[in-house]
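Novice: Sequence plus the predicted model coming up.
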There are 4 protein chains.
Amino acid sequence: MNTSTDVAPDLQVSGWLNTDKDLTLADLRGKVVVIEAFQMLCPGCVIHGIPLAQTIQRTFSPENVAVIGLHTVFEHHDAMGPISLRAFLHEYRITFPVAIDAAGPTDIPLTMATYGMRGTPSLLIIDSKGKLRAHHYGEVSPMQIGAEIATLIAQGNAVEKSGHDKTSDAGCTPAGCTI
Amino acid sequence: MNTSTDVAPDLQVSGWLNTDKDLTLADLRGKVVVIEAFQMLCPGCVIHGIPLAQTIQRTFSPENVAVIGLHTVFEHHDAMGPISLRAFLHEYRITFPVAIDAAGPTDIPLTMATYGMRGTPSLLIIDSKGKLRAHHYGEVSPMQIGAEIATLIAQGNAVEKSGHDKTSDAGCTPAGCTI
Amino acid sequence: MNTSTDVAPDLQVSGWLNTDKDLTLADLRGKVVVIEAFQMLCPGCVIHGIPLAQTIQRTFSPENVAVIGLHTVFEHHDAMGPISLRAFLHEYRITFPVAIDAAGPTDIPLTMATYGMRGTPSLLIIDSKGKLRAHHYGEVSPMQIGAEIATLIAQGNAVEKSGHDKTSDAGCTPAGCTI
Amino acid sequence: MNTSTDVAPDLQVSGWLNTDKDLTLADLRGKVVVIEAFQMLCPGCVIHGIPLAQTIQRTFSPENVAVIGLHTVFEHHDAMGPISLRAFLHEYRITFPVAIDAAGPTDIPLTMATYGMRGTPSLLIIDSKGKLRAHHYGEVSPMQIGAEIATLIAQGNAVEKSGHDKTSDAGCTPAGCTI
């Protein structure tokens, strides 16, 4: 197994908002990492992508899932600089950490290019061992995303607790499930 | 372990629609079973409950998840008889099996009373071993339900395949996850 | 002017709900009359048609606009009889008068056939002199319907008050318009 | 009659987008003028206000109704400058003329202050003679707005055509109404 091809590439960013310290994917090992790639002036991001990321943030425990925004501006660069982005995060009450994708030699920023994203919004899901496990573009089903994240959490827990009876760790009761 | 308290109570029904043969929970062991309890003239059922059940049906493989409707009429009994229900299923394009909860000595039908449902819509989730694991009332989050069902599928698979490396069975690829 | 071709045909009904006395279009002269033709088990009626009629009822004064439901059952007749309809009106909190379109020699009830409706939901708008002025089928724009009704109210008022300065009767102030 | 109190105050703007020539309310006499005051980073504007203005633009003829945007920035001024606004209009496919409200001595721009707007989105409706007739704040009902605009159109037409039989000018047929 070649680790270099298995682990999701590092984020290449020019700055962070909503966090005191810069984050790396390596720092987040042990959690499922959800990356919402967006542009602040992309209607599909505002209507679908950002609310989906906020729902993920509300649905799952931060101990299990880290939600990160990635501002992947590939058009109207002058219109979506850090000052505008900061105001956008404030107005839309976005509280998860947001990275600014680093500019590269073309209009496409570096992380967006590395991951081969088709546009915005794009949603990446990385498992607790750092592997990219899902990559969606456009509007996606909240139920489907909930299922994908929960599957990865369960798989991570299963590995961690191998040798034990997993069903005894169930987080579900008649009153609801704790994921 | 006392089976009588662990296993979800049997459905007590006066008939079935959308299925050639009557179903029992015992027949469905090995799958996660989702029961959508509804009344055909309940607005919350029509607006939230039924569409949620249909989304579950579309999101998960029938090999993993069985979706069942349960018509739990506790008011306006004359208005929601089998002829009206059959037309309702046709008009709303409901294709999963639907059981008619059996009348009891009060207005509350028997299965509804047994499970202590607060009203309609109610959503029950039973794991692959037949245990009731979630019981929701009213409007619920599609992402949350997707996560709960996926967690139970993963736990069932983990038990079934104990001794194997679970992560090698991952259904997720960069193109998306197969639950 | 041939009255027989100008005035909207009478409703042919087998009964009324939500009203103490039977209504005729002639009784409603002087008001704009909105007729929402629906079937209680038609999803488009439940999702679009009925809420639109309820919004009309809330938006306009009953002195200016009479909202009437017309239950035009043309399929699943046994499933949508008066007992089921009565429960439906109760559950969906429909408070405007509802007429039951009279059965005819075919599956299409008589008023539906007379007006040449294409299906349900259909929306008829009759002006204060009794003329049919709009006939819509399917989902329609609330703004468009609001504009059509207001236009007919204004025209009716203009005729009634001919010789006066109509602008002095304006119902609009900076705080909003009274239609 | 004191004209100064009757006629809606002039717009005080620092620039226009989506139009070749600057507009004044005086230029638009004879039409109903709808002014959608918004900020590009205000979620309520993006979700409710802008779509409402676009629906007005689609519903009414430009011969009867002029839709104008007014960018009334009162916070995050650096984040919503002309370059960002231009990109916003492009991304949200806003094609009606948009004025930039002129900065004043406080954070509140001049036109916003003159009209006493409470915030964004705000919707102003000015009749064909130039009088302010409605002033809404926040989310408003599309049906209500459609009715208000149509009422003002009908009143304007009634004045213009005084001495004629207005009902003969009806734009409604059984196939629908032309407002």
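Specialist: Perfect, I can see it now.

Novice: Next, the angle from the longest helix seen in chain A to helix B:142-160.
Specialist: Longest among the helix segments of chain A by residue count, using DSSP state H, is helix A:142-160. Put simply, helix A:142-160 runs at 30 degrees to helix B:142-160, going by axes from the mean of the first three to the mean of the last three C-alpha atoms, to 10 degrees.

Novice: and helix A:142-160, what other elements does it pack with?
Specialist: Where contact means 3 or more C-beta pairs under 8 Å, 6 or more residues apart in numbering or on different chains; DSSP states H and E, helix A:142-160 is packed against strand A:32-38, helix A:50-59, strand A:122-126, strand A:132-137, helix B:50-59, helix B:142-160, strand B:172-173, strand B:176-177. For glycine as for every other residue, the C-beta is placed from the backbone atoms N, C-alpha and C.

Novice: tell me the most buried of the ones you listed?
Specialist: Mean neighbours per residue, mean count of other C-beta atoms under 10 Å in any protein chain shown, is largest over the helices and strands packed on helix A:142-160 for strand A:32-38, with a mean of 26.

Novice: and the next element down the chain from it?
Specialist: Note on strand A:32-38: by DSSP states H and E, the next helix or strand toward the C-terminus is helix A:43-44.

Novice: ok now that next one, how far from the chain's centre?
Specialist: Distance, stretch centre to chain centre, for helix A:43-44: 18 Å (C-alpha atoms, centre = their mean, to the nearest Å).

Novice: Then stretch A:136-154?
Specialist: 11 Å.

Novice: Next: stretch A:22-34.
Specialist: 10 Å.

Novice: just stretch A:41-61 next, same as before
Specialist: With C-alpha atoms, centre = their mean, you get 10 Å for stretch A:41-61.

Novice: Let me know whether it sits next to chain B.
Specialist: Yes - residues of stretch A:41-61 contacting chain B under C-beta under 8 Å from any C-beta of the partner chain: A:Thr55, A:Ile56, A:Thr59, A:Phe60.

Novice: quick one: which of those residues is nearest to chain D?
Specialist: Nearest to chain D among the residues of stretch A:41-61 next to chain B: A:Thr55, at 15.6 Å, using C-beta to the nearest C-beta.

Novice: Once you drop chain neighbours, what's closest to the closest one?
Specialist: Ranked by C-beta to C-beta, 6 or more residues apart in numbering or on different chains and with sequence neighbours excluded, the top spatial neighbour of A:Thr55 is B:Met143, at 5.4 Å.

Novice: residues in contact with that neighbour?
Specialist: A:Thr55, A:Ile56, A:Thr59, A:Pro142, A:Met143, A:Ile145, A:Gly146 (C-beta atoms under 8 Å, 6 or more residues apart in numbering or on different chains).

Novice: and the residues you listed as TSV, adding distance to D:Ala87 and pLDDT?
Specialist: TSV is the format used below for these (distance: C-beta to C-beta, whole Å; pLDDT from 0 to 100):
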residue	distance to D:Ala87	pLDDT
A:Thr55	27	98
A:Ile56	28	98
A:Thr59	32	98
A:Pro142	29	98
A:Met143	33	98
A:Ile145	29	98
A:Gly146	33	98
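
Novice: ok, what's across the strand from the residue minimising distance to the centre of chain A?
Specialist: By C-alpha atoms, centre = their mean, chain A has its centre lying nearest to A:Ile35, at 1.7 Å. Using DSSP bridges, the bridge partners assigned to A:Ile35 are A:Ile68, A:Leu124.

Novice: Quick check: which ranges of chain A have low pLDDT?
Specialist: A:1-5, A:159-179 (pLDDT under 70).

Novice: can you list the residues of it near chain D?
Specialist: So chain A meets chain D at A:41-43, A:46-47, A:75-76, A:78-80, A:83-84, A:86-88, A:90-92 (C-beta under 8 Å from any C-beta).

Novice: before we move on, back to that, so the residue nearest to the centre of chain A makes contact with A:Thr120?
Specialist: No - applying C-beta atoms under 8 Å as the test, A:Ile35 and A:Thr120 come out as separate, 11.8 Å apart.

Novice: Drop the exposed ones from the residues of chain A next to chain D and show what's left.
Specialist: Burial by neighbour count, 16 or more other C-beta atoms under 10 Å in any protein chain shown: within these this picks out A:41-42, A:46, A:75-76, A:79-80, A:84, A:86-88, A:91-92.

Novice: How about the secondary structure of A:Ala66?
Specialist: Here A:Ala66 is strand, with the state taken from DSSP: H, G, I helix; E, B strand; the rest coil.

Novice: isn't it right up against A:Glu36?
Specialist: No - look at A:Ala66 against A:Glu36 with C-beta under 8 Å: they stay out of range, at 11.5 Å.

Novice: which neighbours do these two share?
Specialist: With C-beta under 8 Å, 6+ apart, A:Ala66 and A:Glu36 have no common neighbours.

Novice: Burial check on A:Ala66, number of neighbours?
Specialist: By other C-beta atoms under 10 Å in any protein chain shown, the residues close to A:Ala66 number 21.

Novice: residues touching it, list them.
Specialist: A:Leu28, A:Lys31, A:Val32, A:Val33, A:Val34.

Novice: change it to 10 Å
Specialist: A:23, A:25, A:27-28, A:30-35, A:57, A:60, A:96-97, A:126 (C-beta atoms under 10 Å, 6 or more residues apart in numbering or on different chains).

Novice: I'd like the distance between it and A:Thr19.
Specialist: 11 Å (C-beta to C-beta, to the nearest Å).

Novice: Any chance you could list residues touching both of these two?
Specialist: With C-beta under 10 Å, 6+ apart as the test, A:Ala66 and A:Thr19 both reach A:Phe96, A:Pro97.

Novice: what about the residue nearest to A:His76 when sequence neighbours are not counted, which SS state?
Specialist: With sequence-adjacent residues excluded and distances taken as C-beta to C-beta, 6+ apart, A:His76 is closest to D:Ala87, at 3.7 Å. Assigned with three-state DSSP, D:Ala87 falls in the helix class.

Novice: What is the neighbour count of A:Pro62?
Specialist: 10.

Novice: which SS state does it fall under?
Specialist: coil.

Novice: from memory it sits against A:Phe96, does it?
Specialist: Yes - applying C-beta atoms under 10 Å as the test, A:Pro62 and A:Phe96 come out as touching, 9.4 Å apart.

Novice: Identify the contacts common to the two.
Specialist: With C-beta under 10 Å, 6+ apart, A:Pro62 and A:Phe96 have no common neighbours.

Novice: Give the full set of residues in contact with A:Gly81.
Specialist: Here A:Gly81 is in contact with A:Met40, A:Val73, A:Ile100, D:Asp78, D:Ala79, D:Gly81, D:Ile83, D:Ser84 (C-beta under 10 Å, 6+ apart).

Novice: phi, psi of the last one?
Specialist: This points to D:Ser84. phi -70, psi -40 (degrees, to the nearest 10).

Novice: quick one: the closest residue to A:Leu23 other than its chain neighbours and chain C, what's the gap?
Specialist: Leaving aside its chain neighbours, A:Leu23 sits nearest to A:Pro97 (5.9 Å; criterion: C-beta to C-beta, 6+ apart). Applying C-beta to the nearest C-beta, to the nearest Å, the value for A:Pro97 to chain C is 39 Å.

Novice: What is the burial count for A:Pro97?
Specialist: 18.

Novice: Equivalent analysis for the one 10 residues further on, please.
Specialist: If you count neighbours by other C-beta under 10 Å, A:Asp107 ends up with 13.
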